[in-house]
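> no sequence on this one, just coordinates:
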DNA sequence: ATTTGACTTAGATCTCACTCTAATGTGTAT
DNA sequence: ATACACATTAGAGTGAGATCTAAGTCAAAT
C-alpha cells in the first residue's frame, strides 16, 4: 500500500504544524535534498502529499535516533535510485537499529547512575 | 565515604586520556565553571583528584543524557552552595531520570518504526 | 484596487559545544 | 644551557543544524 486514494496536499505551513517541524527547517531539509519529490504548483509553492508526510516521519525517526543529515542524504539518495539499492538500504537501516539498541543500553546505564546519585544525596540529607 | 586515603593527582593530559575527554574540552568546562574545585599548583597547573574524576563522570552522565552545559552549570552551582540545596539537586536529578525514561521509550518506539520499515523493504524486495 | 497573509529565494546570522592558535611558562633530561 | 614535553591563557575559528532577513510573488477577501 504505497498509494493513496485521495490527492489532498498540504502547504509548508500546514506540514510544519502537523509534524512539529518549522517551515524554515522544512525548506532547509528540501535545500539539502532530503525531500526530493515534493511537487510544486505553477507558482513554485510546495505541495506536500500524504506520502511526503510519511517520508518526513522516516526522516524524523532517523534523525532523532542520531543519524546526521549527511547520512540521511545517503539513505534518501539510495531510495530514489530505485530497487537496485534495496539491499544497501536494508543494511543501512539494520545498522541503525544496532546503533539505537546500543544507545538505549547506554541510556539505561546512565539512568542507574543518576538513581545511585539520588540515593547518595538522600543519605547525605539524612545525616543532618 | 567522600574522602580518599591517597592524594594522587592527575594532570589535564592524563585526565583527558582516562576519561576520553580532550584537554581542550576539560579547559573549556573549567572556564564555564563546571569544574569549580580543581586545585592548581604553584605554577597554575590543574591538579585533578579522584574526587574530580568522579565529578567528571557525573558531568559526562548528565551531558550524555541530554542536559545542556547551561543546565549542568545550575546543578554544579547548587552542589557547591552546600547542603541547603540538597532538595533542589535531588529534584533536578529526579527530573532528569524522567527525561531519560521518556527518551528511552521514544527510542524504543523509533526502533520499532525502523524495524517495520526494514520489513516493508524486505517485502518490496521479494516482489522482484 | 488594495490589503492581508502565506508562500518563494539567496544568503546572513545564531547557538551550541567544542577545537585550535599564538604566545608564554616550567620542569626534566641530555 | 638548551631542548623537549606538557602545561597555561585569551580569544579566534569550526561544524552541524537551525533560524531569520530582505525582497519579492500570488491569490483570496474586503
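That came through fine. Treat the numbers as computed from the prediction; the structure is a model and nothing was measured.

> Roughly how far does residue A:65 sit from residue A:107?
The gap separating residue A:65 from residue A:107 is 12 Å, by CB to CB, to the nearest Å. All C-beta atoms are positioned from the backbone trio N, CA, C, and that covers glycine.

> which neighbours do the two share?
residue B:107 (CB atoms under 8 Å, 6 or more residues apart in numbering or on different chains).

> Name all residues that make contact with the residue of chain A found nearest DNA strand C.
Closest residue of chain A to DNA strand C, CB to the nearest atom of the strand: residue A:13 (2.5 Å). Counting by CB under 8 Å, 6+ apart, residue A:13 touches residue A:23.

> so where does it fall, helix or strand?
Using DSSP states H and E, residue A:13 falls within helix A:12-19.

> What is the neighbour count of residue A:41?
As a burial measure, residue A:41 scores 10 neighbours (other CB atoms under 10 Å in any protein chain shown).

> Likewise for the one 3 residues further on?
Burial of residue A:44 is recorded as 6 neighbouring residues (other CB under 10 Å).

> swap in residue A:35?
Residue A:35: 20 neighbours (other CB under 10 Å).

> who touches it in this structure?
Residue A:35 touches A:26, A:29, A:52, A:55-56, A:59, counting by CB under 8 Å, 6+ apart.

> give me the beta-bridge partners of residue A:48?
Applying DSSP bridges to residue A:48 yields these beta-bridge partners: residue A:10.

> how about low-confidence regions in chain A?
For chain A, the stretches with pLDDT under 70 are A:1-6, A:127-128.

> And chain B, is the helix of greatest length in it touching that?
For chain A, the longest helix by residue count, based on DSSP state H, is helix A:86-126. Yes. Helix A:86-126 comes into contact with chain B (CB under 8 Å from any CB of the partner chain), by way of A:86-87, A:89-90, A:93-94, A:96-97, A:100-101, A:103-104, A:106-108, A:110-111, A:113-115, A:117-118, A:121-122, A:124-125.

> tell me the angle of that helix relative to helix B:86-126?
170 degrees (axes from the mean of the first three to the mean of the last three CA atoms, to 10 degrees).

> where's helix A:86-126 relative to the chain centroid, distance-wise?
Centroid separation between helix A:86-126 and its chain, computed with CA atoms, centre = their mean, to the nearest Å, is 19 Å.

> Can you give me the buried ones in the stretch of helix or strand residue A:60 belongs to?
In the assignment (DSSP H and E), residue A:60 maps to helix A:50-64. Residues of helix A:50-64 classed as buried by neighbour count (16 or more other CB atoms under 10 Å in any protein chain shown): A:52, A:55-56, A:58-59, A:61-63.

> if we can go back for a sec, distance to DNA strand C for the contacts of residue A:35 - can I get that in a markdown table?
As requested, the contacts of residue A:35 are arranged in a markdown table below (distance: CB to the nearest atom of the strand, whole Å):
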| residue | distance to DNA strand C |
| --- | --- |
| A:26 | 8 |
| A:29 | 11 |
| A:52 | 12 |
| A:55 | 16 |
| A:56 | 14 |
| A:59 | 17 |
